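Asker: A predicted structure for the sequence below; I have some questions about it.
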Amino acid sequence: MSGESAANATKDDETLPLGVFLVKSDSKEEKLLFRYPYAIDDTNRPLIQTNKPNKYAIIITEDTFNSDETTSLDKPINKTSSMLSYSDLTSSISNQSVNTTTNETIAKVIGITDNSFSNLFAVNIKLCGQKFELKLNDIRFVGHPMVLTFGQKELLIFNVVFALKANASHDVVNCYHELSQKIAIGLHFEENRCGYLSAETKLMVALHDEVTAMTEDTMHDESPYKLILGKSRLAKDLKKVYESLSSTGLVRVRLNRWIEVSFCLPQKVHRLVLKNHSKVPSITLQNIHNCLQALRPYHAILLLVDTQELLDSLPQDASPAFIRIVRFANPIKNLVELSADADITLTQVFHIVSQLVYWAKATIIYPLCEHNVYIIHPLAPTSVDSPLVEQFEEKFPGSDNLLKYLSKFSLSMSLSQLRNPMDPHFQQVLQVQIVVWLLKNRLLLELHTYVYLVPLSQSAPYITQRISQSQSDRPNSSLTITDVDVIEFSTGSSFPSEDSLATSPPNATSLQHSSKSTSEDDLSSPKFSASIVEDSGSALLRDIGLSQNEIESILRVPAAKNIEDLKLFARLCPYFNGRHHLEDIMYNENVRRGQLLALIDKFRDVLFTCQYEDVSVSVNTGMLV
């Protein structure tokens, strides 16, 4: 990603946390136990503070916070060079500098006093166990307070709060609330198990008192949080959570070295997958859910990370089924075959694949086969100094340059066109590996063929409303486990046969239409005259909801004289609305590619085909174009 793109991405990154806080409230006091980050180096002062009045200053009055003095965010922040520098923190997180706007916002968060936070985050016991959200000017705080009971009367309310930009979407806010809830539940469990939170609370309070006493004696303003960070295990865990959210969006921390908290911020994780592209789109949870809902048994998964790396990142108590799916995942095998190889039910495979896609560890593709058509991604980085150029040379030494290889896909190209049958076997295997690498790095888009019904008559609509209604009323095309048989792949080529990938089991659901008045056997009998066949064809097309103009246009096609072809056309007609690609039709209706292409060719006078991406299963690339 270029420096300008990185800066813009950071500026627009609503997922970036501005701080994390731990607050406790009991019968004695409300106290901010820990905050991170807690200081900004003086060298960054020109970036975050100017001589002119700060229009975003927050004035906290005595009546609101029961304080003897008025607190303003314009008040200078006392700190020493020994305090943690936020610029050092961000440089360790990313090679790109954080933009000025983000620095200013973080400075406002750090500028709010501890007492103010203690009052802001103190909640009534009735509000515990539910979402806590507070917006303060351009900062939003979100947490999940919980209450601990000691004996009959002693209560301790604690709250892990995250600070975000006020314009953060509801999806991002809800994700941060989920993380706060997970941490709170883990701390609650550890407190009941071994008194972990009570011990950490006492340690932090003691360190606060120690620094306060030291400051009064030496007149030296020292932050207690540096001392807490060095001695408190919980403080170190919260720091790790903050840094993980800022860098990768993936959190994996073990509270008290016992309770593991795993969390994914999908809006950030999926954007990082496209870090080398010239533009990074905004990705919402709805985009991911739509993709997962479009998952079908004929799809395959492509792991975006190394298999062993993914296995090493799994928790110790990971499901054996999950591990088997990762081990058997193959871009040339659809989910039905993957289910058979791993000896796992198809429903369970769907659940595991959904998790992999959600965590941006895998993407959904159509299984690699010779009929797959690809084109270069419109936003693929094609500059000679792109990091991917060097990575490609390291991955495939001796091969063509990355840009030269991508030029082959300037126009759409199928894998059968790319493959040279005269090449030795190892060269054909290398071609597959290169295509897989290009797909992993989002340098290629897969194109699918879609079919539209375009009547000959100018007065007839392209697709009638009744066809759309018929399509929306059809049952879901996804299969249950009982509907699935093992699909066998062809081994006669370097790529599997298309028909073996897209053909559904014999008992797959299909749209069967027939005339109510005349049986199919009678219609196919040669004793019927052409007029009777035409009348039967009209009734057949009328039953699927076509208008009279559309029926007349279809019947003028010479292929309509063959009642078998006409019956197949009527059966597939609800798919000719540009919403179903050929592979989807092949699977749902149990027809082979050759049979489908022959039908399209016979009725080419009223059918129009085009190629574009299947955006229904695209989380990232579909949002870019």
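Answerer: Received, thanks. As the structure is a computational prediction, the values presented were derived from the model and not from experiment. Residues are numbered from 1 along each chain as shown.
Asker: how about the contacts made by Leu302?
Answerer: 329, 331, 362-365, 436, 439-440 (CB atoms under 8 Å, 6 or more residues apart in numbering). C-beta coordinates here come from the backbone N, C-alpha and C atoms, glycine included.
Asker: in helices, which of those appear?
Answerer: 436, 439-440 (DSSP state H).
Asker: between these, which sits nearest Tyr242?
Answerer: Closest to Tyr242 out of those is Lys440 (29.4 Å), distances taken as CB to CB.
Asker: residues near that closest one, how many?
Answerer: 18 (other CB atoms under 10 Å).
Asker: check the nearest residue in space to it that is not next to it in sequence and give its pLDDT.
Answerer: Leaving aside its chain neighbours, Lys440 sits nearest to Leu304 (5.5 Å; criterion: CB to CB, 6 or more residues apart in numbering). Looking at Leu304, its pLDDT reads 92.
Asker: how near is Leu304 to Glu29?
Answerer: 49 Å (CB to CB, to the nearest Å).
Asker: what of Ser116?
Answerer: Here the criterion is CB to CB. By it, Ser116 lies 14 Å from Glu29.
Asker: the more surrounded of the two?
Answerer: The neighbour count for Ser116 versus Glu29, taken as other CB under 10 Å, is higher for Ser116 (19 against 10).
Asker: so where does the more buried one fall, helix or strand?
Answerer: Assigned by DSSP states H and E, Ser116 belongs to helix 114-120.
Asker: quickly list what the residue nearest to Ile125 when sequence neighbours are not counted is bridged to.
Answerer: Leaving out its chain neighbours, the residue that sits closest to Ile125 by CB to CB, 6+ apart is Val147, at 5.7 Å. Beta-bridge pairing of Val147 under DSSP bridges involves Ile157.
Asker: surely Val147 touches Ile157?
Answerer: Yes: in this structure, Val147 is within contact of Ile157 by CB atoms under 8 Å, at 5.0 Å.
Asker: shared neighbours, these two?
Answerer: 125, 128.
Asker: these two: which is more packed in?
Answerer: More crowded of Val147 and Ile157, by other CB under 10 Å: Ile157, with 20 against 16.
Asker: hmm, that one is touching Met146, no?
Answerer: Yes: Ile157 is in contact with Met146 according to CB under 8 Å; the separation is 7.3 Å.
Asker: count of residues packed around Asn276?
Answerer: Residues near Asn276, counting by other CB under 10 Å, number 19.
Asker: what does it show for phi and psi?
Answerer: phi -90, psi 0 (degrees, to the nearest 10).
Asker: this protein - how does it break down into domains?
Answerer: Taking automatic domain parsing as the domain assignment, the record places the domains of the chain at 3-271, 300-365, 450-623.
Asker: measure the second one end to end?
Answerer: With CA to CA, to the nearest Å applied, domain 300-365 spans 5 Å between its terminal residues.
Asker: stretch 243-255 now?
Answerer: Distance between the boundary residues of stretch 243-255 (CA to CA) amounts to 16 Å.
Asker: and that stretch, what's buried?
Answerer: Using 16 or more other CB atoms under 10 Å as the test for burial, stretch 243-255 gives 243-246, 248-253, 255.
Asker: and the strands in the stretch 51-200 of the chain?
Answerer: With DSSP state E, counting those that start in this stretch as the criterion, the stretch 51-200 of the chain has strands at 59-60, 71-72, 132-136, 139-143, 146-150, 154-165.
Asker: now swap in the stretch 251-400 of the chain and tell me
Answerer: 259-264, 300-303, 362-365, 373-376.
Asker: Throw the ones you listed into JSON lines and include distance to Pro424, thanks.
Answerer: Compiled in JSON lines, the strands of the stretch 251-400 of the chain are given as follows (distance: least, CB to CB, whole Å):
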{"stretch": "strand 259-264", "distance to Pro424": "43"}
{"stretch": "strand 300-303", "distance to Pro424": "25"}
{"stretch": "strand 362-365", "distance to Pro424": "26"}
{"stretch": "strand 373-376", "distance to Pro424": "23"}
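Asker: ok, which of those strands comes nearest Leu311?
Answerer: Short answer: strand 300-303, nearest of the strands of the stretch 251-400 of the chain by CB to CB, at 10.5 Å.
Asker: please point out which parts of that closest one sit buried.
Answerer: 300-303.
Asker: try stretch 147-163
Answerer: Going by neighbour count (16+ other CB under 10 Å), the buried part of stretch 147-163 is 147-148, 156-163.
Asker: show me the contact partners of it.
Answerer: 17-27, 109, 121-123, 125, 128-129, 132, 139-146, 176, 179-180, 183-184, 187-188, 191, 197-198, 201, 238.
Asker: which among the residues you listed end up buried?
Answerer: Neighbour-count burial (16+ other CB under 10 Å) applied to the contacts of stretch 147-163 gives 17-25, 109, 121-123, 128, 132, 139-146, 176, 179-180, 183-184, 187-188, 191, 197, 201, 238.
Asker: just to revisit the earlier point, surely the residue nearest to Lys440 is in contact with Lys361?
Answerer: Yes: the pair Leu304 and Lys361 qualifies as a contact (CB under 8 Å) at a distance of 6.0 Å.
Asker: so these two - more neighbours on which side?
Answerer: Lys361 (21 against 18).
Asker: give me the distance between Arg324 and Asp341.
Answerer: 9 Å.
Asker: what mean pLDDT does stretch 559-569 get?
Answerer: In this model, stretch 559-569 carries a mean pLDDT of 89.
Asker: buried residues, that stretch. List them.
Answerer: By 16+ other CB under 10 Å, the buried positions in stretch 559-569 come out as 559-560, 563, 565-569.
Asker: got the CA positions of that stretch in CSV?
Answerer: C-alpha atoms of stretch 559-569 as CSV (Å, rounded to 0.1, in the frame of the first residue of the first chain):
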residue,chain,number,x,y,z
ALA,A,559,-35.0,-25.1,-31.4
ALA,A,560,-38.4,-24.6,-29.9
LYS,A,561,-39.8,-27.1,-32.5
ASN,A,562,-38.0,-29.9,-30.4
ILE,A,563,-40.3,-30.5,-27.5
GLU,A,564,-37.4,-32.0,-25.4
ASP,A,565,-35.3,-28.8,-25.9
LEU,A,566,-38.3,-26.7,-25.1
LYS,A,567,-39.0,-28.6,-21.9
LEU,A,568,-35.4,-28.1,-20.8
PHE,A,569,-35.6,-24.4,-21.6
